[in-house]
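**Student:** Let me see the structure of the following:
(2 chains, ligands or ions: 1)
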Amino acid sequence: MFHKPDSALIIVGHGSTVNPDSSAPTFDHAEVLLRQKAFGEVHCAFWKEEPSLRQVLHMVDSEDVYIVPNFISEGYFTRTIIPRELELDGPLTHRNGRTLKYCEPVGNHARMSELLLKRAAEVAPGVPTKECSLLIVGHGTNLNDNSAFAAKREVDRIRDMGLYGEVFNTYMEEAPLVSEWDAYTTCPNVIVVPFFIADGLHSYQDIPVLLGIEQDTGLAASQRDIFRLNPYHLRGRTLYYASAIGTEPLFSDLILDQAALFDTQHSTSHPTA
Amino acid sequence: MKRNLTQALEHWIAEGIRSIGQISITPQPEGGFELRHLEDAGRDDLTLHTSALDARGLSFFDDAKAYRPLKTAPTLRHGWRLQVQTAQELRIALDYFYPAMTALWQSQLAGELRPVALRETLNRQTGMYAATKRLQDEEGQQLVGRHCAATSCTKRIMWEFAPGQPLTELSEQKRWPAPEGTHAIPLICQEACNHLVPACREVVKKRERAAG
Ligand code: SF4
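**Tutor:** Residues are numbered from 1 along each chain as shown, chains lettered A, B, ... in the order given. This is a model prediction of the structure:
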């Protein structure tokens, strides 16, 4: 078991200036890890919320600091924003007597497929998977963002396992479109899992509207009950809609693993002076 | 240079610190600390919380249940008190209510806080915020005066507009240093936040759109 009582963990999230849903899972995972006492200290830092990336290092007591981006993939944030704002030199930075270890984003973890399968099984309990189409919703292939690539990788892995009748990637603004789900799926049951780090406007509002299970009511995201009304019967199928994969409690294990992985990949325990 | 913010916090309170932002910090006779809204002093109808982690829920919404994206906005909700047993729990609670504020104060006392001029922050931006490099001095000064006004944010600003170029539109409450003898942990803005940077972008974009 990874146990670092003399080290600090910083989990970096995106955060939002408009709703509390974006940072909630990052804070949740931090609280789990704090209780587990795997690290001497656990802090969160955000691009759009406080503490900011510019403030967080002041909050740290320890000299040994692991930084894990709670992001679904490598991309603009993990490669440009986070290193810039934290003034990192690369995976390993020595500064002011501190060692800063910049770990891989959570979304890169090999167990991500397992979590997606767990989430799918939970949202549609007892439904025979062979009679299910599983849809993984990703952000589109926009600039500097590899989340679409990461979502494809997960779909390929899950498809290769042969558990589900069929498995597809789907996107909000490019083909295969979320809104056309009934056109390319063939199974009587359809499970939809958003491959996002947090529930927010996309998972509470945009995707449900595109799927046809929700009217655009304009209700605040956190006031919605969208996940508790499963299953939905429409377009001749039974549809199960899950909350964003990043809200899965096991994500905290993956965050811990990314820190452990850093040590395996960079033998940093005895940095040369 | 291993630090210990928990011990520092204990020390400050022993020396007489009794508040931070809108929150009073009261050491309890039987040990531990009680936090409540300064304006709730003397109220006996407050909802009692005993977990430091409850501070998260208490800090996220104002009295009207609106989301508070900036924790130093003077909109802390009323009606609660939070009792914690240890300085470690106090630290966790204060990190939710006023993220990084005790830490920045510790760094300031240690001479380790480097204020970053607004120009430096803006010149570092990439992507959609690179436009903020085109912010003009006059519109920028006006914006800071408006956007950072004490009615929106209670931090005191340490940074200059540009090196050697002070901010011109700040009220007394917004200026660093904080007056002495208040028994309060000061709230420090050592660098423009990620609310001000997008606001700078808006000002630039609006001017450029108007100019066609
Ligand atoms: S820049 Fe500083 S003073 Fe201005 S709103 Fe942001 S945190 Fe407050």
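**Student:** residue ranges for the strands of chain A, please.
**Tutor:** A:4-13, A:39-46, A:64-69, A:92-95, A:98-102, A:132-138, A:166-171, A:189-194, A:232-234, A:237-241 (DSSP state E).
**Student:** With chain B instead?
**Tutor:** Using DSSP E, strands in chain B cover B:19-20, B:23-27, B:33-37, B:47-49, B:80-84, B:156-157, B:184-185, B:188-189.
**Student:** hmm, back to that, how about the strands of chain A in CSV, adding mean neighbour count and mean pLDDT?
**Tutor:** No exception for glycine: its C-beta is placed from N, CA and C like everyone else's. Shown next, in CSV, are the strands of chain A (neighbours: other Cβ atoms under 10 Å in any protein chain shown; pLDDT from 0 to 100):
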stretch, mean neighbour count, mean pLDDT
strand A:4-13, 22, 97
strand A:39-46, 23, 98
strand A:64-69, 25, 98
strand A:92-95, 14, 97
strand A:98-102, 20, 97
strand A:132-138, 25, 95
strand A:166-171, 20, 96
strand A:189-194, 26, 96
strand A:232-234, 14, 94
strand A:237-241, 21, 96
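**Student:** any chance of those strands in TSV, with distance to B:Asp63 too?
**Tutor:** Listed next are those as TSV, based on distance: least, Cβ to Cβ, whole Å:
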stretch	distance to B:Asp63
strand A:4-13	26
strand A:39-46	24
strand A:64-69	34
strand A:92-95	42
strand A:98-102	39
strand A:132-138	36
strand A:166-171	40
strand A:189-194	33
strand A:232-234	37
strand A:237-241	34
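**Student:** Which one of those strands lies nearest to B:Phe33?
**Tutor:** Nearest to B:Phe33, of all these, is strand A:39-46, at 19.5 Å by Cβ to Cβ.
**Student:** ok, residues contacting the closest one?
**Tutor:** A:4-15, A:23, A:26-27, A:30, A:33-34, A:51-53, A:55-56, A:59-62, A:66, A:259, B:95 (Cβ atoms under 8 Å, 6 or more residues apart in numbering or on different chains).
**Student:** The residue of the stretch 51-200 of chain A found nearest the ligand: neighbour count?
**Tutor:** At 8.9 Å from the ligand, A:Ser52 is the closest residue in the stretch 51-200 of chain A, using Cβ to the nearest ligand atom. Around A:Ser52 there are 18 other residues, counting by other Cβ atoms under 10 Å in any protein chain shown.
**Student:** In contact with it, which residues?
**Tutor:** So A:Ser52 contacts A:Ala45, A:Phe46, A:Glu85, B:Ala100, B:Cys193, B:Asn194 (Cβ under 8 Å, 6+ apart).
**Student:** Relative to B:Glu30, which of the residues you listed is nearest.
**Tutor:** For the contacts of A:Ser52, the nearest to B:Glu30 is B:Ala100 (30.1 Å; Cβ to Cβ).
**Student:** Distance check, B:Gln173 against the ligand.
**Tutor:** Going from B:Gln173 to the ligand by Cβ to the nearest ligand atom, to the nearest Å gives 11 Å.
**Student:** thinking again about what came up before, out of the strands of chain B, which is closest to A:Ala244?
**Tutor:** It is, among those and with distance given as Cβ to Cβ, strand B:47-49, at 28.2 Å.
**Student:** Need the strands of chain A in a markdown table (columns: distance to the ligand).
**Tutor:** Compiled in a markdown table, the strands of chain A are given as follows (distance: least, Cβ to the nearest ligand atom, whole Å):
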| stretch | distance to the ligand |
| --- | --- |
| strand A:4-13 | 19 |
| strand A:39-46 | 13 |
| strand A:64-69 | 23 |
| strand A:92-95 | 24 |
| strand A:98-102 | 24 |
| strand A:132-138 | 33 |
| strand A:166-171 | 35 |
| strand A:189-194 | 31 |
| strand A:232-234 | 43 |
| strand A:237-241 | 37 |
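**Student:** so who does residue 70 touch?
**Tutor:** Went with chain A since none was named. Going by Cβ under 8 Å, 6+ apart, the list of residues near A:Asn70 reads A:Ile11, A:Val12, A:Gly13, A:Pro25, A:Thr26, A:His29, A:Pro105, A:Val106, A:Ile197, A:Gly246, A:Phe251, A:Ile255.
**Student:** Sorry, I should have been clearer: chain B.
**Tutor:** Applying Cβ under 8 Å, 6+ apart, the residues near B:Leu70 are A:Glu50, B:Ser152, B:Cys153, B:Cys193, B:His195.
**Student:** Run a quick check on the last one versus B:His147, I expect a contact.
**Tutor:** Yes: between B:His195 and B:His147 there is a contact under Cβ atoms under 8 Å: 7.3 Å.
**Student:** The residue nearest to A:Phe227 when sequence neighbours are not counted and A:Ile213, how far apart?
**Tutor:** Using Cβ to Cβ, 6 or more residues apart in numbering or on different chains and skipping residues adjacent in sequence, the residue nearest A:Phe227 is A:Ser243, 5.0 Å away. From A:Ser243 across to A:Ile213, the span is 14 Å (Cβ to Cβ, to the nearest Å).
**Student:** just B:Pro69 next, same as before
**Tutor:** 29 Å.
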